[in-house]
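A.B. asks: Dropping the sequence and predicted coords here.
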Amino acid sequence: MLTAALLGVSTSYFGGIGVFSLPHLWSDCFHKKKCGKKKRVRVYMDGCFDLMHYGHANALRQAKALGDELVVGVVSDEEIIANKGPPVLSMEERLALVSGLKWVDEVIANAPYAITEQFMNRLFNEHKIDYIIHGDDPCLLPDGTDAYALAKKVGRYKQIKRTEGVSSTDIVGRILSSMEDTKACEDHNNASLPRDPLRAIQSKDAHLSQFLPTSRRIVQFSNCKGPGPNARVVYIDGAFDLFHAGHVEILKKARQLGDFLLVGIYTDQIVSEHRGSYHPIMHLHERSLSVLACRYVDEVIIGAPWEVTKDMGQSDPYEVAKSMGIFQLLESPKSITTTSVAQRIIANHEAYMKRNAKKAVSEKKYYEQKMFVSGD
Ligand code: CTP
């Protein structure tokens, strides 16, 4: 129903600010709903959510924990262009990603980048928002002023801890550096020179993830329950690299086939073997968190085998499942792929390099000056 709602509203909503509610598939195991007569606390977090990653998901998880209902504003393409540079994903794609997260209750499309007085009053009066939330990284407008100054002034601002080791800038950087490495490698090959293996290792290291996976983070993202006794368990596997709107759609479709969705995430080695040495762009733990954050997913296997069988070496990985009559092929409703997302960045690499150089300065400053806030 989510996608139907999304696509249904797309033509009318995407021209202006639109809001819609999302279904609850997940009973929150950590952030217990405050029942009874007490007023439900509604919190608002906004963002660009371009190339959405588990840092964004973790921000929204923390925001949800500060209230009962989480409303998310997805900043418009025009506002992102004016404040940061061109987004990689369209408004529709970013909305689909945010809407697919299990902590999100409502989304507002085409939100402004800065909390203006007019928009803040709309949040308070129309959307009944109690608090506006943002990560502890400074969010400055082109004139150097704080995008959340007004919310802070009226005492309705709360802060969460930014998730270290990941950012859209970092992901764009990984894609751009793999492009440079591929090009350098081609130049090398064209010149018929032997390839220096050390250089290859060093350059791949240059865009390795800085993320440190912890068991607690996995628990925070988990649903904490297995399938019921008579549950119809659906298994779907894949790389789920650069988690995108097509992944959300296929997971939704898969979940609708049963009562419990188990997702197998291929190891980094399997992805490299099948997609090439610069894949995956996001490593196994990063990909697993992105999938776990999706509202349609019940559980993940972190490092699933290629074959759905104990016997390695089958030419058809689904042979056993097929022979048991439990295999079904799902057609992807969207044409977006990990490669097509990476190609958007490569095709417009100069603009993204510029955007990255600008953001890298503020990220460096954040890490140098960061103040620890409570929360995780
Ligand atoms: N955020 C976070 N941890 C990250 C990245 C983002 O907590 N690693 C938070 C931001 O503080 C913000 C929200 O996620 O409250 C949305 O972020 P967004 O507007 O997309 O922009 P950035 O902060 O620039 O994130 P990125 O660099 O990844 O684009």
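C.D. replies: Cool, got the structure. Numbering: from 1, shown residues only.
A.B. asks: and the residue in the stretch 1-150 of the chain that the ligand sits nearest to, how many residues sit next to it?
C.D. replies: The stretch 1-150 of the chain approaches the ligand most closely through G135 (2.0 Å), counting by C-beta to the nearest ligand atom. For glycine as for every other residue, the C-beta is placed from the backbone atoms N, C-alpha and C. Neighbourhood size, G135 [other C-beta atoms under 10 Å]: 22.
A.B. asks: what stretches of the protein score poorly on pLDDT?
C.D. replies: Applying pLDDT under 70 to the chain flags the ranges 1-21, 23-36, 180-209, 309-315, 371-376.
A.B. asks: Show me which residues of it are close to the ligand?
C.D. replies: Within the chain, the positions near the ligand by C-beta under 6 Å from any ligand atom are 45, 47-50, 55-56, 59, 134-135, 137, 162-163, 166-169.
A.B. asks: for stretch 134-148, how far is the first residue from the last?
C.D. replies: From its first residue to its last, stretch 134-148 covers 8 Å (C-alpha to C-alpha, to the nearest Å).
A.B. asks: hmm, back to that, quickly note the distance from the residue of the stretch 1-150 of the chain closest to the ligand to V291.
C.D. replies: 22 Å (C-beta to C-beta, to the nearest Å).
A.B. asks: Over to E363?
C.D. replies: Using C-beta to C-beta, E363 is found at 26 Å from V291.
A.B. asks: Same question for E126.
C.D. replies: 34 Å.
A.B. asks: Out of the two, name the residue with the larger neighbour count.
C.D. replies: V291 (25 against 10).
A.B. asks: Over to the residue nearest to Y367 when sequence neighbours are not counted: give its phi and psi.
C.D. replies: Excluding the flanking residues, the one nearest Y367 by C-beta to C-beta, 6 or more residues apart in numbering is E164, at 7.7 Å. Phi and psi for E164, reported as degrees, to the nearest 10, are phi -80, psi 150.
A.B. asks: count of residues packed around E164?
C.D. replies: By other C-beta under 10 Å, the residues close to E164 number 13.
A.B. asks: and if you look at R232?
C.D. replies: R232, neighbours per other C-beta under 10 Å, totals 10.
A.B. asks: nearest residue to it other than its sequence neighbours?
C.D. replies: G258 (3.6 Å).
A.B. asks: next one: the helix or strand harbouring G303 to chain centre, how far?
C.D. replies: Using DSSP states H and E, G303 maps to strand 299-304. Centroid separation for strand 299-304 versus its chain: 18 Å, with C-alpha atoms, centre = their mean, to the nearest Å.
A.B. asks: list the buried ones in it?
C.D. replies: E299, V300, I302, A304 (16 or more other C-beta atoms under 10 Å).
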